[in-house]
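Enquirer: Build the 3D model from these lines:
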Amino acid sequence: MQQFRALHLSQRRAQAAFTLVEVMVAMSIFALVTASMMSAFTRQMRWNTESERNMGASAVAQQVLDSLRIVDPTTMPASGTAAAQNIVLGDRTYNVYVTYCPTGTTFCTSDNVRHIRVRVDYRLHTLFTTETVYAALR
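Expert: Presented below is the predicted three-dimensional model:
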């Protein structure tokens, strides 16, 4: 009777274990799921970095426009592009170009009005461009 129980227990243990094929299939499925998750994670990180750069460029442009807002338009250049400003925001350095009365604009009709274009570049790529008109109010 003891031999029968021992044989019965050893058969139950053999049935409870995984075969090599089952383990290999499970590992393959795990590898596929992990690879797809890594791809999605990498894509998300790239998108997040791009969004951070674009938001930084927008903030830098706003900073430049705010600093120009307190300047009297009659003291601004009548045309042309000012030298590039290097503005650091976080760990990135943006190049900002301010153009006064760009060609083809009709807003610069007097000394009291300036059409201003602000372009923000990062690593030789334009990330943000905006335009506005400043006028001297009396």
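Enquirer: Show me what the nearest residue to Thr81 once chain neighbours are set aside bridges to in the sheet.
Expert: In space, not counting the residues next to it along the chain, Thr81 is nearest to Thr99; the distance is 4.5 Å by CB to CB, 6 or more residues apart in numbering. The C-beta positions use only the backbone N, C-alpha and C, and glycine is treated the same way. With DSSP bridges as the criterion, the beta-bridge partners of Thr99 are Thr81, Arg117.
Enquirer: Kindly state the pLDDT recorded for Thr99?
Expert: pLDDT for Thr99: 96.
Enquirer: my guess is it meets Ala83, correct?
Expert: No. Taking CB atoms under 8 Å as the definition, Thr99 is not a contact partner of Ala83, at 11.6 Å.
Enquirer: per-residue confidence averaged over the helix of greatest length in the chain?
Expert: For the chain, the longest helix by residue count, based on DSSP state H, is helix 20-69. If you average the pLDDT over helix 20-69, you get 94.
Enquirer: same for that helix, what does it pack against?
Expert: Packed against helix 20-69, as judged by 3 or more CB pairs under 8 Å, 6 or more residues apart in numbering; DSSP states H and E, are the following elements: strand 85-89, strand 92-100, strand 113-122, strand 125-135.
Enquirer: The most centrally placed residue in the chain and Val96: what is the separation?
Expert: Using CA atoms, centre = their mean, the residue of the chain that lies closest to the mean C-alpha position is Glu50, 1.8 Å off. Computed as CB to CB, to the nearest Å, the Glu50 to Val96 distance reads 19 Å.
Enquirer: Equivalent analysis for Met38, please.
Expert: 37 Å.
Enquirer: Looking at the two, which is more packed in?
Expert: Summary of the neighbour comparison: Met38 and Val96, criterion other CB atoms under 10 Å, with Val96 having more neighbours (19 against 10).
Enquirer: and that one, what is it in contact with?
Expert: Residues counted as contacts of Val96 (CB atoms under 8 Å, 6 or more residues apart in numbering) are 60-61, 64, 84-87, 118-121.
Enquirer: Most neighbours of all those, which one?
Expert: Sorting the contacts of Val96 by how many neighbours each has (other CB under 10 Å) puts Val120 first, at 26 neighbours.
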